[in-house]
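>>> coords please:
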Amino acid sequence: MARILLIEDDSTIAEGIILGLKSHGMMVDWFSDARQGEMALQEDMFDAVLLDLTLPKDDGMTVLQHWRAKHIDTPVLIITARDAIANRVAGLNAGADDYLVKPFALDEVIARLQALMRRSQGRSQPEIHYGEVSYQPHNQQVSYQGQIIELTIKEVAILEQMLTHPKQIHSRASLEDKLYGWQQDIESNAIEVHIHHLRKKLGNDFILTKRGIGYYLNPAYSHH
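Modelled structure (predicted):
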């Protein structure tokens, strides 16, 4: 299920968007305040963002620039007023992926968001390095200490999820969600088994366990 971050100060527009997105099976987290919305994307995972450029307490453009400066590359669809062509251009230059002009039809919002999410999932991302592990998303190749390592599809899916959100603690349930597409019946200890194999291949202390909460990458390696 796609999770969308909506930052919009007009509650009428926001409520319409929320209803529409929910009816298409998307989850929406709504913030009317620019700063809270900005923090939300830094602390949590979203598949796409709908961002109004005119917001109280900071404009949407500033929020967008802050995210991109921090290398947060979640797809962002900006909402602008009809006459603000300069805004639109500036927004795209600041790192927005697409724009909508008010007033807009809900169907268009949904179509644009779905297109952005499809594109971002297939986007060739740069190589990710963490400690002595490097990962190439476009061909899912993993190297450890300079040597290519053979991983199963499920191990790669877990590792990719952890590398793309390196500061997060990943619960078993959230990792199972990522694997659900591969296998309908998940055995209760499947995630533990995959983590065990990843540790054997990438070093015992590369992935740490927070008891009762989940798994996370060893922060000691983040500066290597």
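>>> pLDDT on the top helix by length along the chain, on average?
Secondary structure of the chain per DSSP state H: the longest helix is helix 106-122. Across helix 106-122, pLDDT averages out at 84.
>>> what do you get for stretch 64-76?
91.
>>> and the end-to-end length of it?
8 Å (C-alpha to C-alpha, to the nearest Å).
>>> before we move on, the earlier item: mind listing what's buried along the longest helix of the chain?
V109, I110, R112, L113, L116, M117 (16 or more other C-beta atoms under 10 Å). Every C-beta, even on glycine, is put in place using the N, C-alpha and C of the backbone.
>>> Show me which of those is closest to N139.
Ranked by distance to N139 (C-beta to C-beta), those are led by M117 at 21.1 Å.
>>> Greatest separation within the buried residues of helix 106-122: which pair is it?
Pairwise over the buried residues of helix 106-122, using C-beta to C-beta, the maximum falls at V109 and M117, 12.6 Å.
>>> what kind of secondary structure is D205 in?
Secondary structure state of D205, per DSSP: H, G, I helix; E, B strand; the rest coil, is coil.
>>> Next, it: phi, psi?
Backbone torsions of D205, given as degrees, to the nearest 10, read phi -100, psi 20.
>>> so Y135 sits in a helix?
No - assessed with three-state DSSP, Y135 is strand; it does not lie in a helix.
>>> Verify the contact between it and A157 for me.
No - judged on C-beta atoms under 8 Å, Y135 makes no contact with A157 at a distance of 11.6 Å.
>>> Counting neighbours around each, name which of these two comes out higher.
Y135 (22 against 18; other C-beta atoms under 10 Å).
>>> Leaving out the residues flanking it, which one is nearest to that one?
The spatial neighbour of Y135 that comes closest, neighbours along the chain excluded (C-beta to C-beta, 6 or more residues apart in numbering), is I128 at 4.7 Å.
>>> does that neighbour really touch Q140, like I thought?
No - assessed by C-beta under 8 Å, I128 is found out of contact with Q140, at 11.4 Å.
>>> more crowded one of the two?
I128 (16 against 13).
>>> Distance check, the more buried one against H170.
15 Å (C-beta to C-beta, to the nearest Å).
>>> cool, and R119?
In terms of C-beta to C-beta, R119 sits 25 Å off from H170.
>>> Now Q136. Nearest residue, chain neighbours left out?
Q136 sits nearest to E127 (C-beta to C-beta, 6+ apart), 5.1 Å away.
>>> Got the domain ranges for this protein?
Taking the TED database as the reference, the chain has its domains at 2-121, 128-221.
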